[in-house]
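> take this sequence and fold it.
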Amino acid sequence: MTGQRTNWAGNVTFGAQRFHRPTSVPELQQIVARSTRARAFGTGHTFNTLADTDGDLIAVAGLPRVIEIDSANDSVTASAGISYGELATALNRAGRALPNLASLPHISVAGACATGTHGSGDTNGGLATAVSAIDMVTADGDLVSVSRHTDPARFPGMVVALGALGIVTTVTLDIVQTFDIRQYVYEDLPYEQVTTHFGEIMSAAYSVSLFTDWQNKRINEVWLKHRMENGKSFDAPAEFYGAKRATKNMHPIAELSAENCTEQMGVPGPWYDRLPHFKMGFTPSAGQELQSEYFVPHKNAVDAILAVEKLHEKVGPHLFITEIRTIAADHFWMSPCHNQDSVTIHFTLKPDWPAVRQLLPVIERELAPFGARPHWGKLFTMEPAKLDSLYEKLPEFLALAKKYDPQGKFRNEFLNANVFGATS
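Sure thing, here's the model as predicted:
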C-alpha cells in the first residue's frame, strides 16, 4: 500500500516508501524479513518522528484481535494494536481491571508501553509496569517470546524499547479485580499550597492531576480520582487546600465543554471510565495541538514547578494547558521513570511549531538542573549527549539492540540521533 500518512496531531508526515497492514503474524514476519528499514505504526499518537521510517511503515492494527484473560494467573494477553479503551471494556466485563490508565483511552497498548507512557499516582507505575511478557517479530522475521520470568536479566530492556528491537505482536499484562472510582474537581489551588503541601496533595487520591496555565500563581484545576474500597470513598469537602470544589463537570481547559470528559462530581463509575480524562467515544482534543512532557525526580518537583512558573510570560501565549502528575519508579532501562519516583510536567501547546521550537529549549534550560528526562513520544530539543547521560543503562540497551537487530533495520533518524548516536 502507498499513500501519505500523518500522525494523530498532523504535525508529522511519515516518509515511508511503503505502508503495510498485515492481517496475520506470518504475513508480518514476511514483510519484516524482506525489508531493509521498518517501523511499527500504532495509533499515531507520537508527536515526533520516533515512529517514522524511510522504508516500510507497518500498521499492527490489522493483526488478529486477541484478548485472552487468564484469571488463574491474573493476566491478560492482548494484540499490539488494541486500544486501552477496547481492552478495558473487555476486562471490566470479566470483572477485571488494569491498575492504571493514561488520560486517553484511545492509544494502543503496545505503543504506549514502548514509549514509557503513563497515568498518575504515587504508587502507580507507568503503563509498562503491568507488562509481564511480549511476543515480537525481530529483524530476521523470527517470532520470539520473552517474559519477566524466563528472561529476567534482559526483560527490563525489552519493554520500553522504542520499537528498536522488533515489532511487537502481543503484550501480556498483569490485571487485578475490577474497582470503582469517584472523581472530583477543585478550582483555583494557590501556588503556596502546592509548594508547601505538594506531597500531601499528590497523594490525596489514587490518581491526581494538576492543571495550570501558569498564570496568576494558581493551579486552575485539581482532578482527584478516588478508588472506592468496600463501597466507601473520599468524602469530598467544599475546600481542598484552599481550592473550591467544582459545581459542574469540567474540561482541563476550563473554557471548553466537558461533554467529552469522564464523569465527575463524585458519581461512582468503573475504573476504565474514570481513570482517563476523556471518554472513549469522543476525540479528546481542543483542535490541533502539540505536546511536550518532562519527567523530574519527585524530590525535585517543587523546585522544577517554580522554575517553569518563572517562564509564565513566555509559556502563556503558546499554551493550551499544563498537566502535572506523579508516577512511581520502575526498572525499565529506557523508561523516564527508571529507578526514580517521578513528577511529570506536560505541556499541551498550540500548533505553531516554529514558536514551540523556540520555546522548548527555554523550558529545558530551566529544568536541566533537576535531571529532567523528556517523554520519548513527545516533542523536545534536548541535545543527544545530554539525553544519553540521563540513562545509565544505555550501553546495555545498545547491546540488546545489536543482538536483536544487528543491521539496524528498526532504526531511523530519530533513534540514530537520540539513542544510537555513539554507534551510528
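> C-terminal to the helix or strand of the chain with the lowest mean pLDDT, what's the next element?
The helix or strand of the chain with the lowest confidence, counting by mean pLDDT, DSSP states H and E, is helix 384-389 at a mean of 92. Helices and strands here follow DSSP states H and E; after helix 384-389, the next one along the chain is helix 394-404.
> need the longest helix for the protein.
helix 353-367 (DSSP state H).
> care to break the chain down by domain?
For the chain, the structural domains run 67-177, 180-381, going by automatic domain parsing.
> so how far is the first residue of the longest one from its last?
End-to-end distance for domain 180-381, by Cα to Cα, to the nearest Å: 40 Å.
> now the shortest one
Using Cα to Cα, the end-to-end distance of domain 67-177 comes out at 17 Å.
> what segments of the stretch 51-200 of the chain are strands?
56-59, 67-70, 75-79, 96-97, 131-137, 143-147, 167-174, 176-177, 180-190 (DSSP state E, counting those that start in this stretch).
> low-confidence ranges in the stretch 51-200 of the chain?
For the stretch 51-200 of the chain, not a single residue meets the criterion pLDDT under 70.
> so which bits of stretch 315-328 are buried?
Going by neighbour count (16 or more other Cβ atoms under 10 Å), the buried part of stretch 315-328 is 315, 318-328. Every residue, glycine included, has its C-beta placed from N, CA and C.
> could you do stretch 19-26 as well?
Those would be 19-22, 25, for stretch 19-26 by 16+ other Cβ under 10 Å.
> and Thr195, how close does it get to Gln29?
Thr195 is 54 Å from Gln29, where distance means Cβ to Cβ, to the nearest Å.
> the two: who's more crowded?
Using other Cβ atoms under 10 Å as the criterion, Thr195 and Gln29 rank with Gln29 on top: 19 against 14.
> pretty sure Phe380 contacts Pro374?
Yes. Shown here, Phe380 and Pro374 form a contact pair, counting by Cβ atoms under 8 Å, at 3.7 Å.
> quick check: neighbours shared by these two?
292, 294, 364 (Cβ atoms under 8 Å, 6 or more residues apart in numbering).
> counting neighbours, which of those residues comes out on top?
Tallying neighbours with other Cβ under 10 Å puts Tyr294 at the head of these, with 28 neighbours.
> what angle sits between the helix or strand hosting that residue and helix 353-367?
Counting by DSSP H and E, the element that carries Tyr294 is strand 290-297. In terms of direction (axes from the mean of the first three to the mean of the last three Cα atoms, to 10 degrees), strand 290-297 departs from helix 353-367 by 10 degrees.
> show me the contacts for the residue most central in space within the chain.
Note on the chain: the residue nearest the mean C-alpha position is Thr117, at 1.9 Å, using Cα atoms, centre = their mean. Thr117 makes contacts with 102, 107, 111, 126-128, 375, 377, as judged by Cβ under 8 Å, 6+ apart.
> how much space separates it from Phe47?
12 Å.
> rewinding a little: give me the subset of the buried residues of stretch 19-26 lying in strands.
With strands defined by DSSP state E, the entries of the buried residues of stretch 19-26 inside them are 19-20.
> what's in contact with stretch 104-111?
Under Cβ under 8 Å, 6+ apart, the answer for stretch 104-111 is 40, 42-43, 45-46, 51, 60-61, 78, 80-85, 87-88, 117, 127, 134, 168, 171, 173, 272, 276-280, 284, 377.
> give me the subset of those lying in helices.
Reading helices off the contacts of stretch 104-111 with DSSP H, I get 84-85, 87-88.
> compare those residues and tell me which has the most neighbours.
Counting by other Cβ under 10 Å, top hit in those: Tyr84 with 27 neighbours.
> touching, that one and Leu101? I think so.
Yes. Using Cβ under 8 Å, Tyr84 makes contact with Leu101 at a distance of 5.8 Å.
> between the two, what contacts are shared?
By Cβ under 8 Å, 6+ apart, the residues touching both Tyr84 and Leu101 are 127, 276.
> what ranges do the strands span in the stretch 251-400 of the chain?
With DSSP E, counting those that start in this stretch as the criterion, the stretch 251-400 of the chain has strands at 269-270, 290-297, 319-327, 342-349, 373-374.
> burial measure for the nearest residue to His331 once chain neighbours are set aside, as a count.
In space, and not counting its chain neighbours, His331 is closest to Pro156: 5.0 Å by Cβ to Cβ, 6 or more residues apart in numbering. For Pro156, the neighbour count with other Cβ under 10 Å is 22.
> dump the residue contacts of the closest residue to Val131 other than its chain neighbours.
Closest residue to Val131 apart from its sequence neighbours, by Cβ to Cβ, 6+ apart: Val159 at 4.9 Å. Residues near Val159 by Cβ under 8 Å, 6+ apart: 113-114, 128, 131, 134, 332.
> now which of the residues you listed would you call buried?
113-114, 128, 131, 134, 332.
> greatest separation within these: which pair is it?
Ile134 and Phe332 (12.1 Å; Cβ to Cβ).
> isn't Asp348 up against Val315?
Just to correct that, residue 348 is Thr rather than Asp. No. Using Cβ under 8 Å, Thr348 is not in contact with Val315, being 11.5 Å away.
> hey, what's in contact with both of those two?
By Cβ under 8 Å, 6+ apart, Thr348 and Val315 have these common neighbours: Thr322.
> export the longest helix of the chain as CSV, just CAs?
Taking Å, rounded to 0.1, in the frame of the first residue of the first chain, the C-alpha atoms of helix 353-367 are listed here in CSV:
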residue,chain,number,x,y,z
TRP,A,353,5.9,24.5,15.6
PRO,A,354,8.3,27.4,14.8
ALA,A,355,7.2,29.1,18.0
VAL,A,356,7.2,25.9,20.0
ARG,A,357,10.7,25.0,18.7
GLN,A,358,11.9,28.3,20.1
LEU,A,359,10.1,27.8,23.5
LEU,A,360,11.2,24.2,24.3
PRO,A,361,14.9,25.0,24.7
VAL,A,362,14.0,27.7,27.2
ILE,A,363,11.9,25.3,29.2
GLU,A,364,14.6,22.6,29.0
ARG,A,365,17.3,25.0,30.3
GLU,A,366,15.2,25.8,33.3
LEU,A,367,14.5,22.1,34.0
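> so can I have CSV of the contacts of Val159 showing distance to Leu400?
Shown next, in CSV, are the contacts of Val159 (distance: Cβ to Cβ, whole Å):
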residue, distance to Leu400
Cys113, 16
Ala114, 14
Ala128, 16
Val131, 16
Ile134, 13
Phe332, 12
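> so who does Asp140 touch?
Asp140 is in contact with Ala33, counting by Cβ under 8 Å, 6+ apart.
> okay, how far is it across stretch 246-254, tip to tip?
Termini of stretch 246-254 sit 11 Å apart (Cα to Cα).
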